[in-house]
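Visitor: Here is my input, please return the structure:
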Amino acid sequence: MNEASGPQDVLPPAFGLNEPPPPLALPGVGAVLPRPVPFEDREAFPGFWARVSGMFQLVFRNPMELFERVPLTEGLGAPWRFLLLLSVPAFLLVALVFFAAGLGIVLAALEEAGRTESRVLAAAMPFIFGAILLLMPVFSFLGMVVGGALNHFFLWLWGGLRPGVPTAQSIRAYGYAAAFIQLGGFIPILGLFIQIAGMVVIGMGMARMHRTATWRGVCAALTPLFLLLVGGFLLLLGIVALVLLKR
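Guide: The predicted structure is shown next:
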């Protein structure tokens with residue numbers, strides 16, 4: 001330490017939960033790599049809830065950075081667990097709906113206690129309710145895989161895939177992004193707009209991750225919605241045509 005330097009010049013900078021962790025430096029090389037997403041960075045965020053908090057801070061600070069840091073690690077387990085964590089409100093809502101429906105069926109069966117069908121249905125409701133709750137994590141995993149794979153596929157159709165970024169990384173990025181979008185969808189009135197805006201953000205993030213033009217990623221993310229709307233419109237036209245032909 002020379003005379004012009006002080007204690008702060010030789011101490012490494014500290015970082016907290018409100019600041020991004022320092023990048024990883026490769027010893028002997030001098031290259032600097034970004035860190036993984038906070039939920040998978042146990043070194044910078046040892047605690048579970050610290051990692052969850054780090055994810056929210058990352059998304060609110062710079063959502064595009066999430067897509068850049070996802071490919072630094074592998075595996076579908078971490079994004080699936082994060083999606084399940086943020087899906088708890090959805091699980092509770094479905095549980096409440098099925099509980100209310102089951103209670104109504106049981107009350108109706110009590111009023112018609114003489115009918116065998118009513119008694120069988122009332123007895124089967126707890127098993128149906130339990131099976132649905134047990135299958136919801138499976139449905140979440142399938143939704144993450146199918147949604148991410150579709151985004152990867154349509155990005156390929158729009159000519160925006162980057163060599164070296166496999167489908168699994170697109171699925172991982174989609175899982176993390178879908179968790180936040182699903183949670184935002186519960187906000188009254190704004191939920192629908194958040195869902196649509198979230199699709200655009202996913203498209204922008206995919207374009208960022210694959211180093212392609214933003215419009216390609218947005219078009220890829222919105223293509224399933226466009227196809228769904230076109231299919232619904234054609235189905236409606238078919239129903240109207242059948243009704244008119246029967247007259």
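
Visitor: longest helix anywhere in the chain?
Guide: When the chain is parsed with DSSP state H, its longest helix is helix 116-157.

Visitor: What helices and strands are in contact with that helix?
Guide: The contact analysis (3 or more Cβ pairs under 8 Å, 6 or more residues apart in numbering; DSSP states H and E) places helix 116-157 against helix 77-86, helix 88-111, helix 167-184, helix 191-209, helix 214-246. Quick note: C-beta positions are derived from backbone N, CA and C, even for glycine.

Visitor: quick check: angle from that helix to helix 167-184?
Guide: 120 degrees (axes from the mean of the first three to the mean of the last three Cα atoms, to 10 degrees).

Visitor: Distance from helix 116-157 to the middle of the chain?
Guide: For helix 116-157, the separation from the chain centroid amounts to 16 Å (computed by Cα atoms, centre = their mean, to the nearest Å).

Visitor: for stretch 220-231, same thing?
Guide: With Cα atoms, centre = their mean, you get 18 Å for stretch 220-231.

Visitor: can you check stretch 226-239 too?
Guide: 27 Å.

Visitor: Please apply the same query to stretch 159-173.
Guide: 16 Å.

Visitor: List the buried residues in that stretch.
Guide: Buried residues in stretch 159-173, counted by 16 or more other Cβ atoms under 10 Å: 160-161, 165, 168-173.

Visitor: As a markdown table, the residues you listed with distance to Ser87 and pLDDT would be great.
Guide: Converted to a markdown table, the buried residues of stretch 159-173 look like this (distance: Cβ to Cβ, whole Å; pLDDT from 0 to 100):
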| residue | distance to Ser87 | pLDDT |
| --- | --- | --- |
| Gly160 | 29 | 89 |
| Leu161 | 29 | 87 |
| Val165 | 26 | 86 |
| Ala168 | 21 | 93 |
| Gln169 | 21 | 93 |
| Ser170 | 20 | 94 |
| Ile171 | 16 | 95 |
| Arg172 | 16 | 95 |
| Ala173 | 17 | 95 |
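
Visitor: so what are the domain limits for this structure?
Guide: 1-73, 75-246 (automatic domain parsing).

Visitor: per-stretch mean pLDDT over the ones you listed, give me the minimum one.
Guide: Per-segment mean pLDDT for the domains of the chain reaches its minimum on domain 1-73, at a mean of 70.

Visitor: Distance to Thr223 for the buried residues of stretch 159-173 - can I get that in CSV?
Guide: Shown next, in CSV, are the buried residues of stretch 159-173 (distance: Cβ to Cβ, whole Å):
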residue, distance to Thr223
Gly160, 12
Leu161, 14
Val165, 19
Ala168, 21
Gln169, 20
Ser170, 14
Ile171, 17
Arg172, 20
Ala173, 17
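
Visitor: contacting residues around the residue nearest in space to the middle of the chain?
Guide: For the chain, the residue nearest the mean C-alpha position is Ala178 (1.8 Å; Cα atoms, centre = their mean). Neighbouring residues of Ala178 by Cβ atoms under 8 Å, 6 or more residues apart in numbering: 83, 143-144, 147, 198, 202.

Visitor: how close does Arg69 get to Leu58?
Guide: Separation of Arg69 from Leu58 (Cβ to Cβ, to the nearest Å) stands at 8 Å.

Visitor: Likewise for Phe153?
Guide: From Phe153 to Leu58 the distance is 27 Å (Cβ to Cβ).

Visitor: ditto for Val146
Guide: Val146 sits at a distance of 25 Å from Leu58 (criterion: Cβ to Cβ).

Visitor: Neighbour count for these two, which is higher?
Guide: Neighbours of Val146 and Leu58, each counted by other Cβ atoms under 10 Å, are more numerous for Leu58; the result is 18 against 13.

Visitor: Verify the stated contact: that one with Glu40.
Guide: No. With contacts counted by Cβ atoms under 8 Å, Leu58 stays clear of Glu40, the gap being 11.6 Å.
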